[in-house]
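Undergrad: Only the shape, not the letters, is given here:
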């Protein structure tokens, strides 16, 4: 076969130099036609759009043609011609075809219309479908948008550790990491396991958040963000929970809670706009196939300023709704940790746009949040989104050493694990703020997918670590 | 204090609007001067360069001034004036100063000239030093360069799983991940631990490489790259080993080994050029303070094409060197896994530029590499760099199902773990290639640091998982 440099299909479909000889390589999605002419829909993963390859059967070997089945990988040399029937402007009239890899009828993606559950079982092949091709191209684009946004603002990407020996944020839900021989665990006289021989010389776990280390970086480099995997060993088998997921956690020295809200709103609007501008074909596909309201919802988020509202006022609105006959599954009262239904009521029914709720009761928020003068609330901020509920959670941090210490003691957090964190408040403390965005939460919003297992390539959930 | 919007020092030092009123916030590096005038070197992490703040002592409260010690955090309103003595074009004449956070003399970074060993013990504070500020700003920039390079080439960033139940690549060196109660391990009649109650219902570990899953993605989306943490539970206490490190692994459908070499060379030159172009101040600082040959070595890599040489020819050169009297610590013969001293001899002494060594003996390379016609070698390629040795390792992959199966059986790799990987060769297989770059190896090269623990914020090594 003549050697011609390969053109990716995403690039080829934009070309206008009709008559050019080109080479394309990809996987056969479908093949149809008559006894004289066949049409191959070819996809190479670079775009959701297939290239139509026109094959004049008389010019090709019959045995070779038999191998061009769904899923087969082929290389085609041919001429770019104008297309009328393919849905694209150009197609390729095949001159030479080489079958690089055959695909027999045991291929699980023969027919269309598989259930999402079945596709999860073949997660190693599902990126070859239109739906997951679209989702993972959007996933890529969201990651790029995030790095671009922060880089252009002068933030530094900071890698916080994955394996940690601190367990301040909730030991019960952490995965233990060990190299000990579980058949020969050493114990001391009281029967406690001796971690001296474990790899790190002590008990170690997978991180649940990079925030505390992020604060170390922000109080040195000024503005930083993390973007890495985090872990929860929560035994929750729901469409919203993963045991392994990716988090983005910006942290900014000298930002107060208002700056933090400004940053969060600008940030998430940037990401959504990026998806609309740079993933138009993929978003349109998902809109048309799965979620007819997707594009409208994405555009809706960009239109207005987010509502900014204290928690206490939010509770009043919810209590009014109850008084007027609205039924919630869970009760509403000052002090309650809002359920998704409450958050969505505020966003979808009451305000009809995203809401940033602030100044939550300190009892339902983390120890490191800045305490307000009222003695009851902290400078927390949650960004609430349509369909998703909480998409971002953050706060201004308590920068006062004594107030932070008092809170740590009240909550009986083991001090020995916290000495390095406290040093930031001891040595040149400063006001600072940050927030966390669950990457897969953002992807649920941007793709319209309804199960979080369908926006990460290989989901880790209770009893599932396949591939 | 009057409210003026904060300017980052990196931006302020570029401004030319002398006379403007500005606000800067940051940490005091030094304070010196006379009884009338003091000079504060202020740093906010945005750049290695300090801003000089000039304080006319008569205008400020004495008690406040006492708090302006090394490490204290201050906010300054003042007038931008031309500078003669500060090493910068501008400085700030203070009008108002607020101490945001004091810093007493227990602050460990009081004086300059701490050893790298000591700074590792206070890794939570070391980003506040010139050296680590520079290293972590460069680390950020290298990550951005990597994403930019691949995004612009149409690659998709793909998140491969961190927790895995496959252990094909060397079970002995993996960290086990578990939620089992180690005080109450269930065992079956033969005495084997029953993993049924573990979180994933089977034994799970931390990934050592995302390559196999990356191949799944490349054979669907075309061109992908990973960038995530990987783990080795190797008990190696050396300046080159980490238990937790970040890897970049591109994988490209339809690329052969020549395309793979082209990609690797273009990629790493792009990163090195990015450092020279975008981190000039930080690189210069590290060059002047630690490694006088750094900038020259970075420029050297960009100058020429890399040498491309079969392993067999490389061995001949090394054997010739031995014959001529060159002493190596480790023996040289065809079939040996080259030591760093051998790699560096080829690069630094023989060719005096980077070398890509190809076609290694199959016995010293992984099972998935494409087998050459000679039956002895595989289409591996290692990129060898001055000072570092191997910086990139990659190969064209074996795309033939039968050849791959034969190799898997020869090596007794458990097939049950590999079914999903083999499906890529069963269903529309295609030629493809990829490589892995250890992010911290790249950083050692670009920063000139000599210990890998000094290019990652919180190193994980045997007996150390602090912070």
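TA: Perfect, thanks for sending it. Predicted model only: the values in this text are computed from it and were never measured.
Undergrad: Check the secondary structure at the residue of the stretch 351-467 of chain A found nearest chain B for me.
TA: Nearest residue of the stretch 351-467 of chain A to chain B: residue A:429, at 3.4 Å (CB to the nearest CB). For the C-beta atoms, the positions are set from N, CA and C on the backbone; glycine is no exception. Secondary structure assignment for residue A:429 (DSSP: H, G, I helix; E, B strand; the rest coil): coil.
Undergrad: do the one 4 residues further on as well
TA: Secondary structure state of residue A:433, per three-state DSSP, is strand.
Undergrad: Now the nearest residue to it once chain neighbours are set aside: which helix or strand?
TA: In space, and not counting its chain neighbours, residue A:433 is closest to residue A:260: 3.8 Å by CB to CB, 6 or more residues apart in numbering or on different chains. In the assignment (DSSP states H and E), residue A:260 maps to helix A:257-278.
Undergrad: Just the buried residues of the helix or strand just after that helix, please?
TA: Using DSSP H and E, the helix or strand that follows helix A:257-278 in sequence is helix A:280-289. Using 16 or more other CB atoms under 10 Å in any protein chain shown as the test for burial, helix A:280-289 gives A:282-283, A:285-287.
Undergrad: by contact count, what packs against helix A:280-289?
TA: Contact here means 3 or more CB pairs under 8 Å, 6 or more residues apart in numbering or on different chains; DSSP states H and E; on that basis helix A:280-289 packs against helix A:130-152, helix A:294-303, helix A:439-447.
Undergrad: rerun that using 6 Å as the cut-off
TA: Contacts defined by 3 or more CB pairs under 6 Å, 6 or more residues apart in numbering or on different chains; DSSP states H and E place helix A:280-289 against helix A:130-152.
Undergrad: so what secondary structure elements neighbour the helix it packs on?
TA: helix A:257-278, helix A:280-289, helix A:439-447, helix B:130-152, strand B:156-157.
Undergrad: run the last query once more with 7 Å
TA: On a contact count with 3 or more CB pairs under 7 Å, 6 or more residues apart in numbering or on different chains; DSSP states H and E, helix A:130-152 meets helix A:257-278, helix A:280-289, helix A:439-447, helix B:130-152, strand B:156-157, helix B:211-221.
Undergrad: For residue A:301, list the residues it contacts.
TA: Under the criterion of CB atoms under 7 Å, 6 or more residues apart in numbering or on different chains, the neighbours of residue A:301 are A:269, A:272, A:354.
Undergrad: Kindly present the residues you listed as TSV, with separate columns for neighbour count and distance to chain B.
TA: Below are the contacts of residue A:301 laid out as TSV (neighbours: other CB atoms under 10 Å in any protein chain shown; distance: CB to the nearest CB, whole Å):
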residue	neighbour count	distance to chain B
A:269	17	21
A:272	22	18
A:354	23	26
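Undergrad: Model confidence at residue A:87, what's the number?
TA: Confidence at residue A:87, expressed as pLDDT, is 86.
Undergrad: One more: residue A:215?
TA: In this model, residue A:215 carries a pLDDT of 98.
Undergrad: What residues does it make contact with?
TA: With CB under 7 Å, 6+ apart, residue A:215 has these contacts: A:251, A:397, A:424, A:432.
Undergrad: Outside of stretch A:66-73 itself, list whatever touches it.
TA: With CB under 7 Å, 6+ apart, stretch A:66-73 has contacts from A:27-31, A:40, A:74, A:99-103, A:107, A:109-110, B:427-430.
Undergrad: ok, now with 8 Å
TA: A:25-31, A:38, A:40, A:55, A:74, A:97, A:99-105, A:107, A:109-110, A:128, B:427-430 (CB atoms under 8 Å, 6 or more residues apart in numbering or on different chains).
Undergrad: which one is residue A:271 nearest to, not counting chain neighbours?
TA: residue A:145 (4.9 Å).
Undergrad: same question, residue A:5
TA: Using CB to CB, 6+ apart, the nearest residue to residue A:5 is residue A:23, at 6.5 Å.
Undergrad: Name whatever forms a beta bridge with the one you found.
TA: residue A:6, residue A:77 (DSSP bridges).
Undergrad: What about residue A:1, how many residues nearby?
TA: 11 (other CB atoms under 10 Å in any protein chain shown).
Undergrad: Now do the contacts for it.
TA: A:75, A:77, A:96, A:98 are the contacts of residue A:1 under CB under 8 Å, 6+ apart.
Undergrad: mind checking how far it is from residue A:65?
TA: 15 Å (CB to CB, to the nearest Å).
Undergrad: care to break chain A down by domain?
TA: What the TED database lists as the domains of chain A is A:4-99, A:124-305+A:352-452.
Undergrad: Please work out which of the ones you listed is packed deepest.
TA: Mean neighbour count (mean count of other CB atoms under 10 Å in any protein chain shown) peaks for domain A:124-305+A:352-452 among those, with a mean of 20.
Undergrad: What's the end-to-end length of that one?
TA: The straight-line separation of the ends of domain A:124-305+A:352-452 (CA to CA, to the nearest Å) is 17 Å.
Undergrad: returning to that earlier point: so which of the buried residues of helix A:280-289 comes closest to residue B:186?
TA: Among the buried residues of helix A:280-289, residue A:286 lies closest to residue B:186 (CB to CB), at 43.8 Å.
Undergrad: wouldn't the closest one be in contact with residue A:134 here?
TA: Yes - contact criterion CB atoms under 8 Å: residue A:286 and residue A:134 qualify, at 5.6 Å.
Undergrad: give me phi/psi at residue A:205?
TA: Per-residue torsions, residue A:205: phi -140, psi 170 (degrees, to the nearest 10).
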